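1. Provided below for reference: sequence and predicted model.
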Amino acid sequence: MTINFLIVGAGFAGAVCAERLAEAGQKVLLIDRRPHVGGNAYDEYDAHGVLIHTYGPHVFHTNNKRVFEYLSRFTTWRFYEHRVRAVLNGKLFPIPINRTTLNLLYDLNLGEQAAADFLEKVREPQEHIRTSEDVVLNSVGRDLCEKFFRGYTLKQWGMDLSELSSGVAARIPTRTNDDDRYFTDTYNFMPADGFTRMFERMLDHPNIEVRLNCDYIERREQLHPAHTIYTGPIDAFFDYRFGKLPYRSLLFDHEHRQDLDRLQEVAVYNYPGQETPYTRITEFKHLTGQACCGTSTVKESSASEGEPYYPIPRQENEGLLQQYKDLASELNNTTFVGRLAQYRYYNMDQVVEQSLAIVERIMHGKSNG
Ligand code: FAD
Ligand code: UDP
């Protein structure tokens, strides 16, 4: 078929753009260098029949009704509220920090008002909130910062809280009640048959051709589309002309326990201490609700080199990003969308929202993302 759009990357950004454009009558070629669709949200059954998230735990949550309704065309949902515990000296504490966390940690019996008073006493108000350290000190003070945030952040990002933009730690709220949900969005659901199945339904369209194991950078001389939507790392698109943008990489250590049906009391245990090299352990059956024998987990640790997973939100990277964005804005037949292409710490729902908006803009004649 004659292609109107080449889309690079079959994650949320690429798949939503492909589906929307195909529905609008456009012929789409969607390529990915990986052997599967779904991007980092890809899930699959492991050798033991347990549904796992290959690239780390993905929990869908959103306040955006439009995003939720759009995805609902391709999946039914399983209600799921995500819970996380921090492991400190072998003991479990609810994270985000709440009343229970304070009572367990300091051997107190605070009610809700007393928990608020406690935090008011220990917090270190900051005049300007610029970094993640400012955020944490401002809300919970130094002791809780050291115990729950500084070490975890150092392991996750390879840098101190004070070196990261405020938005990173601001993802985690502080509570004075007993609510131990990680997310409190309006919609907290997992795709009932998994993310990959949802992607397959999105891409099952006569106007979409999917080509896997196909690297755009290697093949671009042979591809001459009228319009390209690129969802990979923006610096790679421009052959790192101004230097590499730093992305944080992860290592995933997947394990299976045949002898246990459940290993953890909630899906994720965070390990903020320096004595453990990894950041968190996820047990997938909590996320998926799958009932089967045995249980599968993944241990995550991070690295500065390797497959890019996280853009690194800090002021120092904005200048270099702007140089690439300036180049991107000169190309009127190429649109950049998604977590790697926009270099933004987006959740899945934010990527869906951006992608829906970008296709609307393209279809109305403005092509730069
Ligand atoms: P990606 O999913 O990264 O897709 C980009 C695709 O482009 C990839 O498949 C890649 O192979 C392909 N590609 C790149 N370069 C090329 C090339 N040169 N040629 C061909 N293909 C190329 N979000 C949430 O909402 N909730 C969560 O719980 C959550 N947990 C997360 C946990 C981890 C460990 C990580 C890393 C992310 C998590 N996210 C979560 C964020 C979520 O993964 C992203 O928001 C979303 O997947 C981004 O979609 P995307 O399409 O922009 O990028
Ligand atoms: N964070 C932390 N301790 C925790 C949880 C989070 O220090 O127990 C900080 C850390 O810097 C982390 C950031 O808050 O990278 C955002 O956490 P989130 O769980 O949203 O990270 P993600 O799931 O995106 O990796």
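-> Great, that's in hand. Ligands and ions are numbered 1, 2, ... in the order given.
2. Look at the closest residue to ligand 1 within the stretch 101-250 of the chain and tell me its secondary structure.
-> Closest residue of the stretch 101-250 of the chain to ligand 1, C-beta to the nearest ligand atom: residue 232 (2.6 Å). (C-beta placed from N, C-alpha, C; glycine too.) Classification of residue 232 by DSSP: H, G, I helix; E, B strand; the rest coil places it in coil.
3. wait, it sits on residue 215?
-> No: the criterion here is C-beta atoms under 8 Å, and residue 232 misses it with residue 215 at 9.2 Å.
4. Those two: which is more packed in?
-> residue 232 (22 against 14; other C-beta atoms under 10 Å).
5. and the more buried one, what is it in contact with?
-> Applying C-beta atoms under 8 Å, 6 or more residues apart in numbering to residue 232 gives the contacts 8, 9, 216, 340, 341.
6. What of residue 24?
-> If you count contacts by C-beta under 8 Å, 6+ apart, residue 24 has them with 359, 363.
7. Mind doing that once more with 6 Å?
-> residue 363 (C-beta atoms under 6 Å, 6 or more residues apart in numbering).
8. And the helices in the stretch 101-250 of the chain?
-> 112-122, 132-144, 151-157, 166-169, 195-203, 216-219, 234-237 (DSSP state H, counting those that start in this stretch).
9. What mean pLDDT does the last one get?
-> Helix 234-237 shows a mean pLDDT of 98.
10. Could you do the longest one as well?
-> Mean per-residue pLDDT for helix 132-144: 98.
11. any idea of the angle that helix forms with helix 112-122?
-> With axes from the mean of the first three to the mean of the last three C-alpha atoms, to 10 degrees applied, the angle from helix 132-144 to helix 112-122 works out at 110 degrees.
12. And for the fifth one?
-> Counting by the same axes, to 10 degrees, helix 195-203 points 90 degrees away from the direction of helix 112-122.
13. when you scan helix 195-203, is anything in it near ligand 1?
-> No: shown here: helix 195-203 not in contact with ligand 1 (C-beta under 6 Å from any ligand atom), separated by at least 9.0 Å.
14. For that helix, give me every contacting residue.
-> Residues from elsewhere that reach helix 195-203 (C-beta under 6 Å, 6+ apart): 15, 19, 37, 38, 41, 42, 43, 74, 75, 191, 210.
15. picking up where we left off before, with respect to ligand 1, which of the contacts of residue 232 is nearest?
-> Nearest to ligand 1 out of the contacts of residue 232 is residue 9 (C-beta to the nearest ligand atom; 2.6 Å).
16. if I look at the closest one, how far off is ligand 2?
-> From residue 9 over to ligand 2 the distance is 19 Å, taken as C-beta to the nearest ligand atom, to the nearest Å.
17. Excluding sequence neighbours, find me the nearest residue to that residue.
-> residue 231 (3.4 Å; C-beta to C-beta, 6 or more residues apart in numbering).
18. Over to residue 286?
-> With C-beta to C-beta, 6+ apart as the criterion, residue 286 has its nearest non-adjacent residue at 3.5 Å, and that residue is residue 267.
19. check contacts around residue 74.
-> Here residue 74 is in contact with 198, 201, 202 (criterion: C-beta under 6 Å, 6+ apart).
20. neighbours around the nearest residue to residue 153 once chain neighbours are set aside, how many?
-> Leaving aside its sequence neighbours, residue 153 sits nearest to residue 161 (C-beta to C-beta, 6+ apart; 4.9 Å). Residue 161 has 24 neighbouring residues, counting by other C-beta under 10 Å.
21. ok so, going back, any idea how far the residue nearest to residue 286 is from ligand 2?
-> Here the distance between residue 267 and ligand 2 works out to 12 Å (C-beta to the nearest ligand atom).
22. That residue and residue 183, how far apart?
-> 12 Å (C-beta to C-beta, to the nearest Å).
23. What residues sit buried inside the host helix or strand of residue 325?
-> Using DSSP states H and E, residue 325 falls within helix 315-329. Residues 317, 320, 321, 323, 324, 328 are the ones in helix 315-329 that count as buried (16 or more other C-beta atoms under 10 Å).
24. Same question for stretch 220-240.
-> Neighbour-count burial for stretch 220-240 [16+ other C-beta under 10 Å]: 225, 227, 228, 229, 230, 231, 232, 233, 234, 235, 236, 237.
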